[in-house]
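K.L.:
Task: produce atomic coordinates for the following.
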Amino acid sequence: MKKPSTTPPLDVDAICKALANPVRREILARLREPQAHFGDQEISYEHGVCAGKIDAHCELSQSTVSAHLAVLQKAGLITSRRVGQWVFFKRNEPVIEAFIAHMNAQL
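P.N.:
Coordinates of the predicted model:
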């Protein structure tokens, strides 16, 4: 009997398109170490980083940052979680690791 794969499904094209934008790459890089880049937040970083803190660091309009976050989320690179009235974002490490492994194997 074949063992089910634990590798998350990858949309390589969506991931490449998401990573083509420097703002999205910067968001992902900052989310790697949220305590170092986003300062204190009232709720644990275990939930991710509050969208408002990400907005503040990007120095772009809220709607533009939201669009970047939506692209990252659609590609599977980040996840979101609503806590009360706030939305928190964090890196989706299994997808990022699978993408890196895929690229290492293919290139």
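K.L.:
Contact partners for the residue positioned nearest the centre of the chain?
P.N.:
For the chain, the residue nearest the mean C-alpha position is Ile78 (2.7 Å; CA atoms, centre = their mean). Ile78 is in contact with Ile27, Leu28, Leu31, Gly48, Leu69, Leu72, Phe89, Lys90, Arg91, Asn92, counting by CB atoms under 8 Å, 6 or more residues apart in numbering. Yep, even glycine has a C-beta here, placed from its N, CA and C like the rest.
K.L.:
between those residues, which has the most around it?
P.N.:
Leu72 (27 neighbours; other CB atoms under 10 Å).
K.L.:
In contact with that one, which residues are there?
P.N.:
Neighbours of Leu72 in contact, by CB under 8 Å, 6+ apart: Ala18, Arg24, Ile27, Leu28, Ile78, Phe89.
K.L.:
related to what we said a few turns ago, in strands only, show me the contacts of Ile78.
P.N.:
Phe89, Lys90, Arg91 (DSSP state E).
K.L.:
What is the nearest of those residues to Pro9?
P.N.:
Proximity of the ones in strands among the contacts of Ile78 to Pro9 (CB to CB) peaks at Arg91, which lies at 17.1 Å.
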